[in-house]
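In: okay, sequence plus prediction incoming.
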Amino acid sequence: MSYQNHGMSGFDRFIESCLHGEALNSTDHVIPQIFGRLLPRNPLAWNGDEQELLRIFGDLVNTLRIDDQEGPADAGLTFFGQFIDHDVTFDVTSVIGRTIDPRGIRNIRTPNLDMDCVYGDGPEASPHLYGSLNGHEGYLLFGRTDYHLDLSRNGKGTALIGDPRNDENIFVSQIQGAYICLHNLVLSQLHNSGPLENDIRDISMAGTSNDLWSGNARIPVNDFEIARRFVQLHYQNHILNDFLPAFVTHAAIRDAKEGAGYLSDAPLMPVEFSGACFRFGHATVRNSYVLSPGNEILIFGHRGKRTADHQLDLGLFFQSGHHPAQKARPVGLGVAQGLFELPFIHDGLHLPNGTEVPVDLARKLPLRNILRDRYALEMSSGQQAADALHLPRLDLPQVLDDAGISRTPLWFYVLQEADAGGQGRLAGVGGRIVASTLIRILQADPDSIWHAHGFEPLPQLARIGDCFAWVEQNRADLLGHPDLLNG
């Protein structure tokens, strides 16, 4: 069973190497063009006692509210954001303290919203993810012989999926499973001449040229590729029309679509996005969740073997029709109590400059976000980012002002912005960077929904909650099929 801990990770070390030009594994410098800085490096400047600075940062995160507010977004969208993060970044290890040489990494995925965390490298290159059904190839494995609603696993309990991080909690694993089942249902429609077959084929062709599907193209014409493109387009539609509006203000999304106030030479994956702004999701985590009627657990109360006791009713996490879902916490200066007490952290941290962080502080996820910024990634401050993006500055938090510190760490700053004018959504710097990064990824991919002119989603799959409800209603015939089970 894979449970990976958040915190200082191998991915952070990889990004740090990219930022210092030490991850060049090819002569054309592909990796640094993808991962890089949007804004200038902002090294830590502190001449006092390091433990005093640690105390100041600790006081800063202690100003965060610990309450049970409900925000505008469905609770499941917090973990959908985690699913997106795993789709566009590849964390080679999340083991705290383990060093890794990025030049020795076999495969660093490019940040496309192409669901390679679901599909891997396809049936030929990732055959362990696939099975056949009634003589047809291209189905994704799903389920165990003793529990049909779990991900497929090998004999050691490791999930057979494109990205092992999508098994780090039951919330994101259920989203992974829902998209796996969506693919299998779509492929079954194509193979069995189902009532949706023609719609699926027509939608998959939206915005494509003849070259895309020709014999000389990168993508061969077959039912698997048609199903994959159909699912990818709907997933990207869920990002544009469910995820972003739930967490980002309309003004920031509009500016991102128009390319307003963004730097033209920005890397496709800015460290300011991956290392700070997209970590806004930490503020939206609830302290507890109702998994199914009568079954409520704390955020870290699900660790252990996956059984029916921990099966999610996705209708309680994503609204479908007139059936309401639980709500995520609003984006802002509030964090659930559980994130100040990470139960899987048993040791302190050793920062790059030798500073020791005791375990009671190391368990505070908000503090870890700030330490990652200041000691490893050295990102521009919120004020510097606001100036660069021609946005108004926010006032300095009193804790920092009292300590003589004149700039706010970026992660904390974007939560301030949401509190100040976002009404529970990212605004200003945070909204601009999150929306622009995701939209620019789509713009850079010629096969994405951005270029699929004329695309209209299948109505029953247009909204993410309705899509998952449709999957739940229709997947019964495929669940437990011996050809799709493993483990």
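Out: Ah, there it is.
In: double-check residue 143 against residue 480; I have them as touching.
Out: Yes. Taking Cβ atoms under 8 Å as the definition, residue 143 is a contact partner of residue 480 at 6.1 Å. C-beta: built from backbone N, CA, C; applies to glycine.
In: higher neighbour count, these two?
Out: residue 143 (24 against 15; other Cβ atoms under 10 Å).
In: and the helices in the stretch 301-450 of the chain?
Out: For the stretch 301-450 of the chain, the helices defined by DSSP state H, counting those that start in this stretch cover 359-362, 365-371, 382-388, 398-402, 410-417, 428-444.
In: buried residues in stretch 400-412?
Out: 400, 403, 405, 408-412 (16 or more other Cβ atoms under 10 Å).
In: what stretches of this structure score poorly on pLDDT?
Out: Low-confidence segments of the chain, defined by pLDDT under 70: 1-34, 90-110, 209-220, 301-310, 487.
In: report the central residue of it.
Out: In the chain, the centroid-proximal residue (Cα atoms, centre = their mean) is residue 85; its distance is 2.4 Å.
In: nearest to residue 258, of the helices of the stretch 301-450 of the chain?
Out: Closest of those to residue 258 is helix 428-444, at 9.8 Å (criterion: Cβ to Cβ).
In: what is the orientation angle of that closest one with helix 410-417?
Out: 110 degrees (axes from the mean of the first three to the mean of the last three Cα atoms, to 10 degrees).
In: C-terminal to helix 428-444, what's the next element?
Out: helix 464-474 (DSSP states H and E).
In: how about that following helix: buried residues?
Out: Buried residues in helix 464-474, counted by 16+ other Cβ under 10 Å: 464-471, 474.
In: compute the first-to-last residue distance for stretch 359-378.
Out: 23 Å (Cα to Cα, to the nearest Å).
In: now stretch 300-316
Out: Termini of stretch 300-316 sit 18 Å apart (Cα to Cα).
In: separation between the residue nearest to residue 341 when sequence neighbours are not counted and residue 408?
Out: Leaving aside its chain neighbours, residue 341 sits nearest to residue 363 (5.6 Å; criterion: Cβ to Cβ, 6 or more residues apart in numbering). Computed with Cβ to Cβ, to the nearest Å, the distance linking residue 363 and residue 408 is 23 Å.
In: check residue 387 too.
Out: 13 Å.
In: also residue 123?
Out: Using Cβ to Cβ, residue 123 is found at 48 Å from residue 408.
In: how about residue 258?
Out: The gap separating residue 258 from residue 408 is 27 Å, by Cβ to Cβ.
In: with residue 378 instead?
Out: In terms of Cβ to Cβ, residue 378 sits 15 Å off from residue 408.
In: same thing with residue 434?
Out: According to Cβ to Cβ, residue 434 and residue 408 sit 17 Å apart.
In: just after the helix of greatest length in the chain, pick out the following helix or strand.
Out: Across the chain, the longest stretch assigned as helix under DSSP state H is helix 170-191. Per DSSP H and E, helix 170-191 leads on to helix 197-204 as the next helix or strand towards the C-terminus.
In: centre of the chain to that next one, how far?
Out: Between the centre of helix 197-204 and the centre of its chain there are 28 Å (Cα atoms, centre = their mean, to the nearest Å).
In: how far off helix 170-191 does it point, in degrees?
Out: 120 degrees.
In: got a list of contacts for helix 197-204?
Out: 186, 189-190, 226-227, 229-230, 233, 455-458 (Cβ atoms under 8 Å, 6 or more residues apart in numbering).
In: which residues sit in contact with the closest residue to residue 374 other than its chain neighbours?
Out: Distances taken as Cβ to Cβ, 6+ apart put residue 44 closest to residue 374, at 5.0 Å, once the chain neighbours are dropped. Residue 44 makes contact with 374-375, 378, according to Cβ under 8 Å, 6+ apart.
In: any chance of those residues in a markdown table, plus distance to residue 321 and neighbour count?
Out: Shown next, in a markdown table, are the contacts of residue 44 (distance: Cβ to Cβ, whole Å; neighbours: other Cβ atoms under 10 Å):
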| residue | distance to residue 321 | neighbour count |
| --- | --- | --- |
| 374 | 46 | 21 |
| 375 | 48 | 18 |
| 378 | 47 | 18 |
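In: so which of the residues you listed would you say is closest to residue 78?
Out: residue 374 (25.3 Å).
In: quick one, strands of this structure?
Out: 35-36, 130-133, 136-140, 269-270, 288-292, 295-298, 349-350, 356-357 (DSSP state E).
In: the last one: how far from the chain's middle?
Out: Averaging C-alpha positions (Cα atoms, centre = their mean) puts strand 356-357 29 Å from its chain's average.
In: ok, stretch 424-437 next?
Out: 15 Å.
In: then stretch 253-269?
Out: 19 Å.
In: what's the burial count for residue 67?
Out: Each residue near residue 67 was counted by other Cβ under 10 Å, and the total is 11.
In: my read is that it contacts residue 334, right?
Out: Yes. Using Cβ under 8 Å, residue 67 makes contact with residue 334 at a distance of 5.7 Å.
In: residue 41: how many residues sit nearby?
Out: Neighbour tally, residue 41, other Cβ under 10 Å: 12.
In: ok, it touching residue 376?
Out: No. If you go by Cβ under 8 Å, residue 41 and residue 376 don't touch, sitting 11.8 Å apart.
In: chain neighbours aside, what residue packs nearest to residue 334?
Out: Residue 334 sits nearest to residue 65 (Cβ to Cβ, 6+ apart), 3.8 Å away.
In: tell me, how many residues neighbour the one you found?
Out: With other Cβ under 10 Å as criterion, residue 65 counts 12.
In: kindly report the same for the one 10 residues further on.
Out: Residue 75 is flanked by 23 other residues according to other Cβ under 10 Å.
In: now do the contacts for the residue lying closest to it once chain neighbours are set aside.
Out: Among residues not flanking residue 75 along the chain, residue 326 sits closest, at 4.0 Å (Cβ to Cβ, 6+ apart). Residues counted as contacts of residue 326 (Cβ under 8 Å, 6+ apart) are 74-75, 286, 289-290, 316-317.
In: which of those has the most neighbours?
Out: Most surrounded of these: other Cβ under 10 Å gives residue 317, at 27 neighbours.
In: and it, what is it in contact with?
Out: Counted by Cβ under 8 Å, 6+ apart, residue 317 has contacts 74-76, 79, 171, 289, 325-326.
In: in a markdown table: these, plus distance to residue 343.
Out: Shown next, in a markdown table, are the contacts of residue 317 (distance: Cβ to Cβ, whole Å):
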| residue | distance to residue 343 |
| --- | --- |
| 74 | 26 |
| 75 | 21 |
| 76 | 23 |
| 79 | 18 |
| 171 | 16 |
| 289 | 16 |
| 325 | 26 |
| 326 | 22 |
